[in-house]
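show me the folded form of this:
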Amino acid sequence: HLRRQPRRGAGPGAAGVPARVAHHCLPSEVPPLTFLAGSGRPTVEIADVAVIGGGPAGASAAREAVGRGLSTLLFDHAHPRRKACGGGLPVKGIEWMDAPEEAIECRMTSISFAYGGTKLKVPVTKGKMVRRDDWDHYLFQRAAEAGAMHVKERVKQLERKDGAWVINGEYRARYVIGADGVNGFTRRHFMGPIPRQHLFAAAGYYLGLKPVENEVEFILGALPGEGYLWVFPKADHYNIGYCYNAGTPGMKQALEKLLHDRWPGEFTAPGRYRLESGEEVECIRFGSAIPSYNDPALFDEPVSGDGWVLVGDAAGHVNPIHGEGLNHAALGGRLAARAVAEGDPTRFEEYWREHYAEEMYRAASSKHRIYRPFFMRLGFALGGTPAVFGLLAMMTRGEYEGKAMRDFWLRLPLAAVQALFGMRHRELASA
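Numbering: from 1, shown residues only. Below you'll find the model as predicted:
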């Protein structure tokens, strides 16, 4: 019999955690884990926690759980894999995101927003682009090295029996952390699927051309509706795509137009694209769904219960305006492990709300207003003025704390005067 790892004070998950994510001891009433020798692989009599899904949320949760002294099973049937994602680590909160140099493809030099022929380009210094399969594999390996036991199985069955969870009829755990995504088993099992009207559809291409500049682009107004096109630079290719409310007409056509306008050419075969110059490059398509709550009341719904908690996309914890959720996934996984280690998964409700609920509620409340054509036209018409561009720059760089919509309207009279006199923000004037 192999006994559970001895508890470590801070554990491997402690480095770089915000001050509010303090470590707590495992409740004394939780008995130790025993591993029993099986036929060709170890089997677990009963684990403290089973983490279902090995992406950033699940891997972060598993590593944090082990660091808090919990015996941990990490279920993921398809790791490693290439994730359909732009791979941008957000400027805000990047200080505590665990991203080693080897997983970073490039560093953002600027983030731009375009609408109707107007482009606003904000220089940045902290944003990073990662290749998701490399970064996910790094986080997964960190969890495994810490002591999480990888179970390479798809979870298809989950039932409560004698105070424990029985997974796939074979594995037992006292707690479950569900981190298997927006359409994953745990989301459907514990809460039901997220309705289609509260999802973004995201799809795009990996285009095998080396970027000439590390500019992250968001292109608004390509279609009527809520969403955008993107162009993200990587080390040796572009990641281009769309992110719109699921069911928005014309998404694929808008993406094809962007591809052919920017890089004229034609597909010669699936995954192959010939440029006008005659050069042929890879152009591999990907797609996924992303939570994007159109009603802030959806964040009132608990994402935890007796013996279980959901994190990341499975919890719907994605910014509804732009669909970014990597920071919330990584931090949310750690917060969920903290709640489980304290013996009450429902404490996750308190922890995630303390850290990032305000952002979620504000984004869900303002999403419809931000994407209105009137607001877009007004915002971009005045976007170059010191008053409006200064606000945009602070928000883009993660330096802003406050109510952005309110501050925009308060700055509007000054911006109108500045526009009347042709005043432009110094960062645009010097560009």
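
contacts and neighbour counts: CA atoms only from here.
Fine.

buried residues, the lengthiest helix in the chain. List them.
Ranked by residue count and defined by DSSP state H, the top helix of the chain is helix 348-370. Going by neighbour count (16 or more other CA atoms under 10 Å), the buried part of helix 348-370 is 348-349, 351-352, 355-357, 359-367, 370.

and that helix, average pLDDT?
Mean pLDDT, helix 348-370: 94.

what's the next secondary structure element after the strand or helix carrying Val176?
Taking DSSP states H and E as the criterion, Val176 maps to strand 171-178. Next along the chain after strand 171-178, taking DSSP H and E as the criterion, comes helix 185-190.

give me the buried positions along that following helix.
In terms of neighbour count (16+ other CA under 10 Å), helix 185-190 has its buried residues at 185-187, 190.

residue ranges with poor pLDDT in the stretch 1-150 of the chain?
Where the stretch 1-150 of the chain drops to pLDDT under 70, the residues are 1-44, 80-86, 89-100.

now do the strands in it.
With DSSP state E, counting those that start in this stretch as the criterion, the stretch 1-150 of the chain has strands at 2-3, 34-36, 43-44, 47-52, 72-75, 88-89, 104-107, 110-115, 118-123, 128-130, 149-151.

ok, the stretch 251-400 of the chain next?
In the stretch 251-400 of the chain, strands defined by DSSP E, counting those that start in this stretch lie at 265-269, 272-275, 280-291, 304-305, 308-310, listed in chain order.

so what strands line up beside the first one?
In other words, strand 265-269. strand 272-275 (antiparallel) (DSSP bridges).

which ones are touching Pro291?
Shown in contact with Pro291 (CA atoms under 8 Å, 6 or more residues apart in numbering): 182, 194, 198-200, 313, 316-318, 320, 323.

which residue, other than its chain neighbours, is closest to Ala364?
Leaving aside its sequence neighbours, Ala364 sits nearest to Pro296 (CA to CA, 6 or more residues apart in numbering; 5.0 Å).

ditto for Ala235
Nearest residue to Ala235, sequence neighbours excluded (CA to CA, 6+ apart): Glu105, at 4.8 Å.

I'd say that neighbour and Tyr238 touch.
No: with contact defined as CA atoms under 8 Å, Glu105 does not reach Tyr238; the gap is 11.2 Å.

quickly note the distance from the nearest residue to Glu349 once chain neighbours are set aside to Phe190.
Nearest non-adjacent residue to Glu349, counting by CA to CA, 6+ apart: Pro302, 6.8 Å away. Applying CA to CA, to the nearest Å, the value for Pro302 to Phe190 is 11 Å.

tell me where the stretch 201-350 of the chain has helices.
Secondary structure of the stretch 201-350 of the chain by DSSP state H, counting those that start in this stretch: the helices cover 251-262, 326-341, 348-370.

and the first one, what's buried?
Okay, so that is helix 251-262. Buried residues in helix 251-262, counted by 16+ other CA under 10 Å: 251, 254-255, 258-259.

most widely separated two among the residues you listed?
By the measure CA to CA, Met251 and Leu259 form the most distant pair in the buried residues of helix 251-262, at 12.6 Å.

what is the burial count for the spatially closest residue to Trp308 that is not a sequence neighbour?
Distance criterion CA to CA, 6+ apart; nearest residue to Trp308, sequence neighbours excluded, is Val176 at 4.7 Å. Neighbourhood size, Val176 [other CA atoms under 10 Å]: 30.

what about Gly379, distance to Arg353?
30 Å.

now swap in Met360 and tell me
Going from Met360 to Arg353 by CA to CA gives 9 Å.

cool, Tyr238 as well?
Distance from Tyr238 to Arg353, by CA to CA: 35 Å.

go on, Gly225?
29 Å.

got it, and Asp76?
According to CA to CA, Asp76 and Arg353 sit 28 Å apart.

again with Leu229
Distance of Leu229 to Arg353, computed by CA to CA: 30 Å.

remind me what the longest helix of the chain packs against, helices and strands.
helix 326-341 (3 or more CA pairs under 8 Å, 6 or more residues apart in numbering; DSSP states H and E).

what do you get if the cut-off is 6 Å, keeping everything else the same?
The helices and strands touching helix 348-370, judged by 3 or more CA pairs under 6 Å, 6 or more residues apart in numbering; DSSP states H and E, number zero.

okay, now Val155: neighbour count?
Val155 has 19 nearby residues by other CA under 10 Å.
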